[in-house]
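>>> 3D model of this:
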Amino acid sequence: MTPRLRRLLGALAGLLAAAVGLGAAEVVAAFVSPESSPVVAVGNAAIPLTPESVKSFAIATFGQRDKLALVTGTFVLLALYAMAVGVVALRDRRLGAAGIALFGLLGVVAAQTRPAAGPLDGLPSFVGAAVGIAVLLVLVAPLTPAAAEDTPRPGAAGLLAPGLDRRRFFLAGGVALGAAVLAGGGGRLLERRFEVADLRSRLTLPAPASPAVAMPAGADLAPSVAGLTPLFTRNRDFYRIDTAITVPQIRPADYRLTLTGMFDTPRHYSLSDLYGRADLIERDVTLTCVSNEVGGLLAGSARWLGVPLGVLLRENGVRSGSTQLVCRSVDGMTIGAPTRSALTVPGAMLAIGMNGQTLPVVHGFPVRMVIPGLYGYVSACKWLTDIEVTTYAAAVAYWSAGRGWSQRAPVKTEARIDVPSGNSPLAAGRTRVAGVAWAQHKGIEAVEVRADGGSWRQARLAAVPGLDTWRQWVWDWDAAPGRHLLQARATDKTGYTQTPVQAPPEPNGATGYPSVSVTVS
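Numbers count the residues shown, from 1 in each chain. Sure, this is the predicted structure:
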């Protein structure tokens, strides 16, 4: 056997050993928790350590697929590491075993140190490492001099070379591959027992004591303008940006909302307590991610149902010295919301419903926070289980903990061009340019559009749907042949006009004019 061939087979042995080990870990995780899976645990641990510039790049590049990109990248790095371990094991089996044990230890530490860890969360990584070591030793045995044959077998050809026990290696490799597929697939199937979609579907949303205001005629122009964003975003289309690699699954019967900190009489609330309240409100609110680039798609509008946040805080005696609510998700994520906004902003709520449906699991089921007018990283904690009333001086939430984001982040007045998209040529002549604009708590007064840096032209606005939702607009443009740059800007009812100064999302939201380059033929 040539040295190169031996190294290639050693790398394959390491890859198969890692696959079987991860499969075994998935089976164990199916009986512990999905978050205890080594890949998930290591990925979750890596997120807080990732530089903000890398996170911003991931969101800008992959958008809502950022977590898929992270998991994919983790698997790629793990595969390369496993292949290197396999090659090392050809020289020294103990070093190869130590390489797998090191990754197993990393998984154990990552799983056991996560905020919501249980006593057995390190077990999948431990078992996976043990199984991976055993498989590696079995696979490299036929590739080591002690197991090699001195002469080739009759009829040897192709991969069969002097000293290679082909039958033993490929038989063991085939068994390992089958075991990896069965264990990995079986583990993922078993983990479905944690899913709460069925339990969620059995819940019936209560009727609001204060329903949302009916939409006026002419508030939704989308049916008559192809490509224009609808007034309400469907739940399945609503953007999702968070740090949860696996979506938290909370059984309704197990849910508890805990109030701590600067309260006179803090208490716990079950989901039944919240569903059974007589003061539920329904409001139409547009949410925006602070990572949204100017003209980006990380924004959505929905009709939310929930418990009025200010009422809930006051009935528990929130103290006047508080400046911040540290809101904790079941997975340990912390969101710092301004206490003043929680108490005074109309429509601030603990949401349990979205667009007439029970809150979707991916959007925070069973309870999330919604505070209109603030970017999500300071207002929209999902899978909410704890509200600590405190101060900015006493506690620092995740996104403000040395990560460069502002503690207070009001949503900026902004317009977006939806059509034309610039992805295909336009025919010369009358063309509709349309989009949405938002200025929460203020309302949109005007939207202007221009072509090629010329004079600003007033767009036609849809009827006002509400102060906390976006407002659609349309402008009819006489498009001439050639290449053109379209820009838009919004003015809110305070008289503020969207600034042309371009700035990135960090530290409190992007600025500039949205623009689309189009070709007219």
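
>>> low-scoring stretches of the stretch 351-500 of the chain, by residue?
402 (pLDDT under 70).

>>> what comes into contact with stretch 181-200?
19-20, 22-31, 33-34, 249-252, 358, 361, 365-366 (CB atoms under 8 Å, 6 or more residues apart in numbering). For glycine as for every other residue, the C-beta is placed from the backbone atoms N, C-alpha and C.

>>> so who does the nearest residue to residue 62 once chain neighbours are set aside touch?
Leaving aside its sequence neighbours, residue 62 sits nearest to residue 69 (CB to CB, 6 or more residues apart in numbering; 4.5 Å). Residues in contact with residue 69 (CB under 8 Å, 6+ apart) are 58, 61, 62.

>>> pretty sure the last one is in contact with residue 68, am I right?
Spelled out, it's residue 62. Yes - proximity of residue 62 to residue 68 meets the contact threshold set by CB atoms under 8 Å, at 7.3 Å.

>>> Name the member of the contacts of residue 69 with the shortest distance to residue 126.
For the contacts of residue 69, the minimum distance to residue 126 (CB to CB) is 30.2 Å, reached by residue 58.

>>> Can you name the next helix or strand after the strand or helix carrying that closest one?
Secondary structure assigned from DSSP states H and E places residue 58 in helix 52-62. The helix or strand immediately downstream of helix 52-62 is helix 66-91, counting by DSSP H and E.

>>> ok, and for that next one, which residues are buried?
66-67, 70, 74, 78, 81-83, 85-90 (16 or more other CB atoms under 10 Å).

>>> likewise stretch 460-478?
So, applying 16+ other CB under 10 Å, buried residues of stretch 460-478: 461-462, 465-475, 477.

>>> likewise stretch 92-110?
Neighbour count says stretch 92-110 has 93, 96, 97, 99, 100, 103, 104, 106, 107, 108, 110 buried, by 16+ other CB under 10 Å.

>>> ok, the residues you listed vs residue 132, which is closest?
residue 100 (4.5 Å).

>>> Which residue, other than its chain neighbours, is closest to the closest one?
Residue 100's closest residue in space is residue 132 (CB to CB, 6+ apart), at 4.5 Å.

>>> right, and that neighbour touches residue 104 too?
Yes - using CB under 8 Å, residue 132 is in contact with residue 104, at 7.3 Å.

>>> Give me the neighbour count for the residue nearest to residue 100.
29 (other CB atoms under 10 Å).

>>> now do residue 354
The number of residues packed near residue 354 is 24, by other CB under 10 Å.

>>> Report the beta-bridge partner residues of it.
residue 304, residue 357 (DSSP bridges).

>>> who's in contact with it?
Applying CB under 8 Å, 6+ apart, the residues near residue 354 are 235, 238, 302, 303, 304, 305, 360, 363.

>>> got these as TSV, with neighbour count and distance to residue 507 columns?
TSV is the format used below for the contacts of residue 354 (neighbours: other CB atoms under 10 Å; distance: CB to CB, whole Å):
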residue	neighbour count	distance to residue 507
235	16	30
238	19	25
302	24	27
303	20	31
304	26	27
305	25	32
360	18	30
363	21	25
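
>>> per-residue confidence averaged over stretch 119-138?
Stretch 119-138 carries an average pLDDT of 94.

>>> May I have it exported as CSV, CA atoms only?
Output of stretch 119-138 as CSV, limited to C-alpha atoms (Å, rounded to 0.1, in the frame of the first residue of the first chain):
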residue,chain,number,x,y,z
PRO,A,119,-27.5,17.1,34.9
LEU,A,120,-27.4,14.7,31.9
ASP,A,121,-26.7,17.1,29.1
GLY,A,122,-23.1,16.1,28.8
LEU,A,123,-23.9,12.4,28.4
PRO,A,124,-24.5,12.5,24.6
SER,A,125,-21.1,13.9,23.9
PHE,A,126,-19.4,11.5,26.3
VAL,A,127,-21.1,8.4,24.7
GLY,A,128,-20.5,9.8,21.2
ALA,A,129,-16.8,10.2,22.0
ALA,A,130,-16.5,6.7,23.5
VAL,A,131,-18.3,5.1,20.5
GLY,A,132,-16.2,7.2,18.0
ILE,A,133,-12.9,6.0,19.7
ALA,A,134,-14.0,2.4,19.5
VAL,A,135,-14.9,2.7,15.8
LEU,A,136,-11.7,4.5,15.0
LEU,A,137,-9.6,1.8,16.6
VAL,A,138,-11.5,-0.9,14.6
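
>>> ranges for the strands of the stretch 301-450 of the chain?
324-329, 334-338, 349-354, 357-358, 368-370, 384-390, 414-419, 429-438, 444-451 (DSSP state E, counting those that start in this stretch).

>>> how about those in CSV, adding distance to residue 189?
Shown next, in CSV, are these (distance: least, CB to CB, whole Å):
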stretch, distance to residue 189
strand 324-329, 26
strand 334-338, 33
strand 349-354, 29
strand 357-358, 25
strand 368-370, 29
strand 384-390, 28
strand 414-419, 40
strand 429-438, 41
strand 444-451, 49
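
>>> Please identify which of those strands is closest to residue 260.
Short answer: strand 384-390, nearest of these by CB to CB, at 4.7 Å.

>>> Remind me what the closest one packs against, helices and strands.
Helices and strands touching strand 384-390, by 3 or more CB pairs under 8 Å, 6 or more residues apart in numbering; DSSP states H and E, are strand 256-261, strand 324-329.

>>> Deepest in the core, which of these is it.
Mean neighbour count (mean count of other CB atoms under 10 Å) peaks for strand 324-329 among the helices and strands packed on strand 384-390, with a mean of 26.

>>> Quick check: bridge partners of residue 448?
residue 458, residue 489.

>>> Was I right to think it contacts residue 458?
Yes - Residue 448 lies in contact with residue 458 (CB under 8 Å); the separation is 5.9 Å.

>>> More neighbours: these two, which one.
Per other CB under 10 Å, whichever of residue 448 and residue 458 has more neighbours is residue 448, with 19 against 11.

>>> check contacts around that one.
456, 457, 458, 459, 488, 489, 491.

>>> Just the pLDDT for residue 159.
Value for residue 159, per-residue pLDDT: 38.

>>> Please tell me how far the residue nearest to residue 100 sits from residue 455.
68 Å (CB to CB, to the nearest Å).

>>> Make TSV from the buried residues of helix 66-91 and add pLDDT and distance to residue 195 to it.
Below are those laid out as TSV (pLDDT from 0 to 100; distance: CB to CB, whole Å):
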residue	pLDDT	distance to residue 195
66	71	22
67	69	17
70	72	21
74	79	22
78	89	25
81	92	31
82	93	30
83	94	34
85	94	34
86	93	35
87	94	40
88	94	39
89	93	38
90	91	42
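
>>> show me where this protein has helices.
Counting by DSSP state H, the chain has helices at residues 3-32, 38-49, 52-62, 66-91, 93-112, 123-140, 166-191, 197-201, 271-275, 309-315, 339-344.

>>> closest one to residue 207 among the ones you listed?
Closest among the helices of the chain, using CB to CB: helix 271-275, at 10.9 Å.
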